[in-house]
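Chemist: need coordinates for the below:
(one chain, ligands or ions: 2)
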Amino acid sequence: PVEPVIMRGPVVKGFGRGSKMLGIPTANLDVVPLKSQVDSLAPGIYLGFASIRGETHEMVMSIGWNPYFDNSKKTIEPWLLHEFPDDFYDEELAVVVSGYIRPEADFTTLEALVERIHRDAEVARTMLKNTPFKETRELLVA
Ligand code: ADP
Ligand code: MG
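Modeler: Ligands and ions are numbered 1, 2, ... in the order given. A predicted model of the protein is given here:
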C-alpha cells in the first residue's frame, strides 16, 4: 500500500499513442496542477479507484516519464476498468491512488506489453476488493 494520493482534474488529450486501439484507453490528467501529488509517486503502475459522471470504478494507472517532453514531464494515465459508451474528454475525473503494483518496464513486443497490462488489471481487481485497498474508495466521495 501507499499513502493514498488523490488527484482531480479535467480529462485531457494524450498523445494518441494508440492506447485505445490496443483496447487500453487511458484518461490522461494534466500533470501541471498536480505537480506535488505526482512528485510524491515514483514512476510505475498503480491501482486505485476513479470517479467520473458520479460513479466510482476500479482503475489501474501508469505514472511515467513522457518521451514527448524529453522525459522531463510525467504522465498520469488511468485505465478505468469499466466499459463506457463514449469518450469523456474535458469531463471532471477524480482518482485515488491506493497501491503500487510494479515499476515501469521495457517490453520487447507490443503483445507482451498488452498482456502485462491485462495481468496488472487482474491484480488491481483482486487487490481492490480487499482491505486496505477497498476502503480507499470512500476517499473519493465528496
Ligand atoms: P489519449 O492519447 O487522448 O489519452 P487514449 O487512446 O488513451 O487517447 O484514449 C483515452 C480516452 O478514451 C479517454 O480520455 C476517455 O475519454 C476515453 N475512454 C473510454 N473508455 C475509457 C476507459 N475505460 N478508461 C479510460 N479512458 C476511457
Ligand atoms: Mg491516454
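Chemist: which one's the longest helix in this protein?
Modeler: Determined from DSSP state H, the single longest helix within the chain is helix 110-127.
Chemist: off-centre distance for that helix?
Modeler: Remark: helix 110-127 is offset 13 Å from the chain centroid, using Cα atoms, centre = their mean, to the nearest Å.
Chemist: and it, what does it pack onto?
Modeler: Other elements packing on helix 110-127 under the criterion 3 or more Cβ pairs under 8 Å, 6 or more residues apart in numbering; DSSP states H and E are strand 44-52, strand 55-65, strand 92-102. Glycine gets a C-beta too; all of them are placed from N, C-alpha and C.
Chemist: so what secondary structure elements neighbour the second one?
Modeler: Which is strand 55-65. Going by 3+ Cβ pairs under 8 Å, 6+ apart, strand 55-65 lies up against strand 44-52, strand 74-80, strand 92-102, helix 110-127.
Chemist: which residues are in contact with the nearest residue to Ala121 once chain neighbours are set aside?
Modeler: Spatially, and ignoring its direct neighbours in sequence, Ala121 is nearest to Val60 (5.0 Å; Cβ to Cβ, 6 or more residues apart in numbering). Applying Cβ atoms under 8 Å, 6 or more residues apart in numbering, we find Val60 in contact with Ile45, Tyr46, Leu47, Pro78, Trp79, Leu81, Ile101, Ile117, Asp120, Ala121, Val123, Ala124.
Chemist: quick one on the thing from earlier: I'd like the helices and strands packed on strand 55-65 written out as a markdown table, with distance to ligand 2 and mean pLDDT added.
Modeler: Below are the helices and strands packed on strand 55-65 laid out as a markdown table (distance: least, Cβ to the ion, whole Å; pLDDT from 0 to 100):
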| stretch | distance to ligand 2 | mean pLDDT |
| --- | --- | --- |
| strand 44-52 | 13 | 97 |
| strand 74-80 | 5 | 94 |
| strand 92-102 | 12 | 97 |
| helix 110-127 | 12 | 95 |
